[in-house]
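starting from these lines, generate the structure:
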Amino acid sequence: MEHITTSIDQLIQLYRENHYVANFAALVFLTVLATFANFVVKRLLLRVIFKILSLTKYGHDRDIMEHNVIARLANVVPALIVIMGISLIPDIPDQLNIIVRNVASAFIILTIALALGEALVVANALYQRRPDAANKPIKGYLQVIKIAIYVIAAILIVAALIDKSPLILLSGLGAMAAVLMLVFQDTLLSLVASVQISSSDMVRVGDWIEMPELRADGNVIDVALHTVKVQNWDKTITTLPTRRLVSEPFKNWRGMQESGGRRIKRALYLDQNSIHFLKEDEKDHLRKFTLLSEYLDNKDKELTQWNAKLGENNHDPVNTRRLTNVGTFRAYVLRYLESHDKIRNDMTMLVRQLAPGSDGLPLEIYCFTNTTAWASYEDIQSDIFDHLYAVLPEFGLQAYQQPSGRDLQKIGFGIKALENIPTRAE
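So this is what the prediction gives:
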């Protein structure tokens, strides 16, 4: 018994003589304990929670897994251990104790705020799956709540770091609010705009945006607090105020790039004087086109059945339905696009007539290429229209264009030739 008492006295004496070493060892032990707790919570406890969650319909939900709210909240555990453990270390300086506790408290507030922000993102993603979500969006309301959470969290973090009551900060900010808004008006507007752009994912670096009012048409190369830099296609740089992207409309081509298809929307202008009904020899000629043989057979059956209902009147061509060269050409263009290996069949594809005008009859081609690269897109579009213009005479059609100087010159020569023909009186 005396031996044990002596040993205890020796340990106490050793601690009194080397309390700095003992405090350092205690801090190391507290750090190891907090790290171990973090490991246990994230590797064991979270695994159990995910196991339970997997039994529900949200267990493998992509939005929930990407915005892992539970994993963020797990970071609170080691911070709580630090707060409770730092007070148990004897002879630690009061100033160090306060600093560690304040930093840990600020970290807990930040972690909870970020977790709540991610929870709001998940709530919006789940809400958008509802059938009526497009008519009643809640994203704007959730963004206001998120901003309020971050503002409150910022005040609480500052109060925790300086070890003061949040009410003192609020009273001081209230007196300075008018001055701050006047001095930092542009900065505050830009800050709000930046938050809106970031939270709404309106613009990213690398996006192709178009804003004709500010002569911006190119890729975004920098998004800062006050400005957004756009490198135009002519390699010039346009600098836009960040808040203008929120207050004014602009076009972002990111959706086109992510879809993997780029739209072709261009019209062939046909000379309306070249439109006519197909004769039998013209039909026989067009049957040689592989893309048209089935169409012509089906159309002949359809028209024969229709005209048979006319009875005796079907002998007069005026009363019957007949194939036209422009309708057959429209069917050919559609089948040509469907068989084209660089045109996407899973996106909208149309070949339609627009309202005729002084420039002829517009036949619009509307489809999507299988690439979004600018040069490849232009090559595909040009190849398609090269072929269509070249194949027009096969259908007895002509492209329309305004009379040029050479056309007028030919007309003049024709008039002169007529003037030189002698009349009978002569």
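
residue ranges of the strands in this protein, please?
208-211, 216-223, 227-232, 237-241, 251-252, 262-270, 350-353, 361-369 (DSSP state E).

neighbours of residue 351, how many?
19 (other Cβ atoms under 10 Å). The C-beta positions use only the backbone N, C-alpha and C, and glycine is treated the same way.

130 is where my numbering starts, stick with that
Sure, I'll start counting at 130 from here, so that last one is residue 480.

okay, and the beta partners of it?
For residue 480, the beta-bridge partners under DSSP bridges are residue 494.

that one touches residue 464, doesn't it?
No. Applying Cβ atoms under 8 Å as the test, residue 480 and residue 464 come out as separate, 9.4 Å apart.

can you say which of the strands of the chain is nearest to residue 422?
strand 479-482 (18.5 Å; Cβ to Cβ).

buried residues, that closest one. List them.
Buried residues in strand 479-482, counting neighbours by 16 or more other Cβ atoms under 10 Å, are found at residue 480.

model confidence over that strand, on average?
Here strand 479-482 scores 95 as its mean pLDDT.

one more: stretch 226-240?
For stretch 226-240, mean pLDDT is 82.

now this protein, which segments are flagged as low pLDDT?
Residue ranges of the chain with pLDDT under 70: 130-156, 158-159, 170-197, 199, 215-223, 262-266, 268-269, 298-313, 441-444, 533-555.

quick one, phi/psi of residue 362?
phi -70, psi -20 (degrees, to the nearest 10).

so it makes contact with residue 347?
Yes. Assessed by Cβ under 8 Å, residue 362 is found in contact with residue 347 at 5.2 Å.

between these two, which one's more packed in?
Using other Cβ under 10 Å, the more surrounded residue of residue 362 and residue 347 is residue 347, with 19 against 10.

wait, what's in contact with the more buried one?
Residue 347 sits next to 337, 338, 359, 360, 361, 362, 367 when contact means Cβ atoms under 8 Å, 6 or more residues apart in numbering.

nearest spatial neighbour of it, skipping sequence neighbours?
Sequence neighbours aside, residue 361 is the residue nearest to residue 347 in space, at 3.9 Å (criterion: Cβ to Cβ, 6 or more residues apart in numbering).

just residue 351 next, same as before
Using Cβ to Cβ, 6+ apart, the nearest residue to residue 351 is residue 358, at 4.2 Å.

across the sheet, point out what pairs with the one you found.
Beta-bridge pairing for residue 358 (DSSP bridges): residue 351, residue 368.

next one: it from residue 332, what distance?
From residue 358 over to residue 332 the distance is 11 Å, taken as Cβ to Cβ, to the nearest Å.

which stretch among the strands of the chain comes nearest residue 468?
Going by Cβ to Cβ, the one of these nearest residue 468 is strand 490-498, 12.1 Å.

show me what counts as buried in that closest one.
490, 491, 492, 494, 495, 496, 497, 498.

which other helices and strands contact that strand?
Where contact means 3 or more Cβ pairs under 8 Å, 6 or more residues apart in numbering; DSSP states H and E, strand 490-498 is packed against strand 391-399, helix 454-467, strand 479-482, helix 503-520.

could these be laid out in CSV, adding distance to residue 531?
Putting those into CSV (distance: least, Cβ to Cβ, whole Å) gives the following:
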stretch, distance to residue 531
strand 391-399, 10
helix 454-467, 21
strand 479-482, 20
helix 503-520, 16
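
of all these, which lies closest to residue 375?
It's strand 391-399; of the helices and strands packed on strand 490-498, that one is closest to residue 375 (Cβ to Cβ) at 27.1 Å.

residues contacting that closest one, please?
For strand 391-399, using Cβ under 8 Å, 6+ apart, the contacting residues are 385, 455, 483, 488-498, 500-501, 506, 509-510, 513-514, 517-518, 521, 526-530.

now do the buried residues in it.
Neighbour counts using 16+ other Cβ under 10 Å place 391, 393, 396, 397, 398, 399 of strand 391-399 among the buried residues.

angle of it against helix 503-520?
20 degrees (axes from the mean of the first three to the mean of the last three Cα atoms, to 10 degrees).
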